[in-house]
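J.: Generate a structure from the sequence data that follows.
(one chain, ligands or ions: 1)
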Amino acid sequence: MTRHHLISFQPSGKRVPTAGRETLLQLAHGAKLPIESVCGGQGTCGKCRILIPLAQGRLLPPTEKEISALGNLIEKGYRLACEMVPASDLTCTIPEASLVSGQVILTSSNCRPSRLKPDIMDFSLEIPPPTLSDPASDLSRLIRAFQKTYGRQVREIDTLAMREIASAVRSQKGRITAFLWKDRELIDVRAGNDEAVFGIAFDIGTTTVVAYLLDLRSGREVSVASAMNPQVPYGDNVISRITYCLEDEKGLEKLRSILLALMNQLIDRLCQKAGIKNSQVLEATVVGNTVMHHLFLGLDPRSIALAPYNPVVRSTGPVKARDLRLHISPSGYVVPLPVKAGFVGGDTIGVVIATNPHRKSAMTLAIDIGTNGEIVLGNRGRLLCCSTAAGPAFEGGHIKWGMRATKGAVEKVEIDPATLNVRIHTIGNRPPLGLCGTGTISVVAALIRARVITSHGSFNPAVSHPRLRPGDGGTEFVLAWAGETGTKNDLVITQQDVAELQLAKGAIRAGITILMKKMGIKKVHRVLLAGAFGTYVEVQDAWTIGLIPSDLCSQVESVGNAAGAGACLALLNRDKQAEAERMAEKMEYVELSVDPDFNELFIDGMLFDAPVPLDKS
Ligand code: FES
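T.: The predicted structure follows:
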């Protein structure tokens, strides 16, 4: 008989039996304890750290991965949940910083449609009753009334709308409201004058999901709802999610169903808040990177992980909501914006149709930074795009004390160049738990300005200070001492952390340089920073670390959640959907890895530019 052990997770107190086959990470996820797992349980990110009192149980010695990821934290009782398969009863504590929790989610889309032209239009009709001399069917009389009143042809009718006709035409003396999709398909029929028609625009990010409820008659944003992407515990980046699909035969269906469940919850939440029925939502648009696009549609994403990184499909066109099990009106439509390539998705297309570089003569550089950095460069003549494998450093990943932008994350740091005194600002004004992406950039920028970090990224050997000390993997700088932090450990930035940031920004800089070279230009007229990172990062910090070339800085503009704005615009104006399809065709994709100059530019891009004052004129 299999002997079961009992695992107790603190501080929640949840107890989980195990036969000793699953890792602590799997057990925690099974118990709905969302431990971070940036690498998807590969033992490389170090984010699933848990505390196990040293004197406890029959613990196997730390694995090589644990030693590499945790260093001297092992002596304090830290272990990696993804590496530990418990062989006895165990009590462990999940530190706050290891839990996936309420990240600050950027919801402002700045969506301002210049024109309303939704797919769905409502029409009030009076349907005459049948007579013995004209015993035409209800549908025939409805089609005739349409033709007579509005001069329009109904070419198709959804089965569910057909089922509504009989009661609708009889309950209010033949007065009905009919809803036509793209001027051809009857998708809803309601008794009387019920013209309310809504749509929902989804922005599915790897980390967060945002949903906007829009009134399709007025274009008004009724409300917004957002949540963490429930796939996060299965890996913080798209490659980990693909790996999960490859390793578990039910992985794709699982990732799709938990995403869908969340989207349906967001729909319910939005509808309840607005006091409307789900059936009054007749269309949804969706933007997301190519992996999110595929997982939402239930398409196998494995080809995206392997050269030449092609998607299964680039454009699906509209899909019936019932086919996707999305809980808006089943006869309504879902319009996923098309993707361009394996790593340039519908979110980038959304940024393009929201910011319109293709309509202007000014040369525009749009950068959307997440785990990957998507870059678009061009104007009305030509548009280029690429994706850079920036890595997770900009989201706090692969940084020793990196974390998401949640409460307790350091978001800004000031360092006095004379004394090296540190002033820390955290989200929620909590004692610091770790560094989010913008916090990491702020620290490195402050250390560059204080000349503690050299242009090559190494700690300056000429600086001697108690905060600068040898650590596990080289020199480290202490930002806060154990007594000042929420983890009761010294909060440090290590040489390895700086190197991770250099890799990330080197990739972005190389991408910018290659696109400018391909375009044959030396200057751009405007730089747009999209997404949460682009909204919260201080431009001066981005410039100090050399993320943006210094001569472009005065034209930098933050454009908020431009991908989400693109989804909203596509919902409110069908011409924008057509524009998205055209852009997905027309934009030229540049594969950086095959550019002969990439390696050299990447290495150059890792250097920090000399810190001189920023000209804000
Ligand atoms: S190290 Fe455990 S999930 Fe990454």
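
J.: Contacts only, for Glu22.
T.: Gly30, Val85 (C-beta atoms under 8 Å, 6 or more residues apart in numbering). To be clear about C-beta, it is placed using only N, CA and C from the backbone, and glycine gets the same treatment.

J.: mind redoing it with 6 Å?
T.: For Glu22, the contact set (C-beta atoms under 6 Å, 6 or more residues apart in numbering) is empty.

J.: ok, how many other residues are close to the nearest residue to Leu51 once chain neighbours are set aside?
T.: Closest residue to Leu51 apart from its sequence neighbours, by C-beta to C-beta, 6 or more residues apart in numbering: Thr93 at 4.3 Å. Per other C-beta atoms under 10 Å, the neighbour tally for Thr93 reads 16.

J.: What's the separation between Thr93 and the ligand?
T.: 16 Å (C-beta to the nearest ligand atom, to the nearest Å).

J.: Let me know whether that residue touches Arg49 as I believe.
T.: No - with contact defined as C-beta atoms under 6 Å, Thr93 does not reach Arg49; the gap is 10.4 Å.

J.: hey, what's the residue nearest to Leu51 bridged with?
T.: Gln10, Leu51 (DSSP bridges).

J.: Okay, buried residues for stretch 273-289 please.
T.: For stretch 273-289, the neighbour count (16 or more other C-beta atoms under 10 Å) marks 274, 276, 278-289 as buried.

J.: taking those residues one by one, which sit in strands?
T.: Counting by DSSP state E, the buried residues of stretch 273-289 place Val281, Leu282, Glu283, Ala284, Thr285, Val286, Val287, Gly288 in strands.

J.: before we move on, back to that, out of the buried residues of stretch 273-289, which is nearest to the ligand?
T.: Asn289 (20.7 Å; C-beta to the nearest ligand atom).

J.: Does the closest one touch Phe343 like I think?
T.: No - with contact defined as C-beta under 6 Å, Asn289 does not reach Phe343; the gap is 7.4 Å.

J.: per-residue confidence for the residue in the stretch 401-550 of the chain that the ligand sits nearest to?
T.: Here the stretch 401-550 of the chain gets closest to the ligand at one residue, Gly402, 11.8 Å apart by C-beta to the nearest ligand atom. Model confidence at Gly402, given as pLDDT, is 85.

J.: you'd agree it is up against Leu435?
T.: Yes - using C-beta under 6 Å, Gly402 is in contact with Leu435, at 5.5 Å.

J.: What residues of the strand or helix carrying Ala542 count as buried?
T.: Using DSSP states H and E, Ala542 maps to helix 539-544. Neighbour counts over helix 539-544 (16+ other C-beta under 10 Å) mark Val539, Asp541, Ala542, Trp543, Thr544 as buried.

J.: pLDDT wise, what is the most centrally placed residue in the chain at?
T.: Compute the mean C-alpha point of the chain, and by C-alpha atoms, centre = their mean the closest residue is Gly205, 2.2 Å away. Gly205 is assigned 90 on the pLDDT scale.

J.: And what about Ile367, helix, strand or coil?
T.: strand (DSSP: H, G, I helix; E, B strand; the rest coil).

J.: Quick check: chain neighbours aside, which residue is closest to it?
T.: Ile375 (5.3 Å).

J.: Now do the lowest-mean-pLDDT helix or strand in the chain: everything it contacts.
T.: Counting by mean pLDDT, DSSP states H and E, the chain has its least confident helix or strand at helix 531-536, which shows a mean of 79. Outside helix 531-536, the residues that touch it by C-beta under 6 Å, 6+ apart are Leu106, Asp368, Ile369, Phe394, Gly437, Thr438, Ser558, Gly560.

J.: Show only the entries of those residues found in strands.
T.: Asp368, Ile369, Ser558.

J.: What parts of the chain come near the ligand?
T.: Neighbours of the ligand within the chain, by C-beta under 6 Å from any ligand atom: 37-39, 41-48, 69, 80, 82.

J.: Just the buried ones out of these, please.
T.: Ser37, Val38, Cys39, Gly41, Gly43, Cys45, Gly46, Lys47, Cys48, Ala69, Leu80, Cys82.

J.: So which of those belong to strands?
T.: Leu80.

J.: so what secondary structure elements neighbour the host helix or strand of Ala168?
T.: Using DSSP H and E, Ala168 sits in helix 159-171. For helix 159-171, the packing partners by 3 or more C-beta pairs under 6 Å, 6 or more residues apart in numbering; DSSP states H and E come out as helix 138-150, strand 185-191.

J.: what's the distance between the longest one and the middle of its chain?
T.: Yep, that's helix 138-150 we're talking about. Between the centre of helix 138-150 and the centre of its chain there are 45 Å (C-alpha atoms, centre = their mean, to the nearest Å).

J.: after it comes which helix or strand?
T.: strand 156-157.

J.: With the shortest one instead?
T.: Downstream of strand 185-191, the first helix or strand assigned by DSSP H and E is strand 198-204.

J.: by contact count, what packs against that next one?
T.: Against strand 198-204 (3+ C-beta pairs under 6 Å, 6+ apart) you get strand 208-215, strand 281-288, helix 562-572.

J.: Next, the angle strand 208-215 makes with it.
T.: 160 degrees (axes from the mean of the first three to the mean of the last three C-alpha atoms, to 10 degrees).

J.: Tell me the spacing between Cys48 and Lys65.
T.: According to C-beta to C-beta, to the nearest Å, Cys48 stands 11 Å off from Lys65.

J.: do the same with Asn561
T.: Counting by C-beta to C-beta - Asn561 and Lys65 are separated by 36 Å.

J.: Have a look at the two and say which one is more surrounded.
T.: Asn561 (34 against 16).
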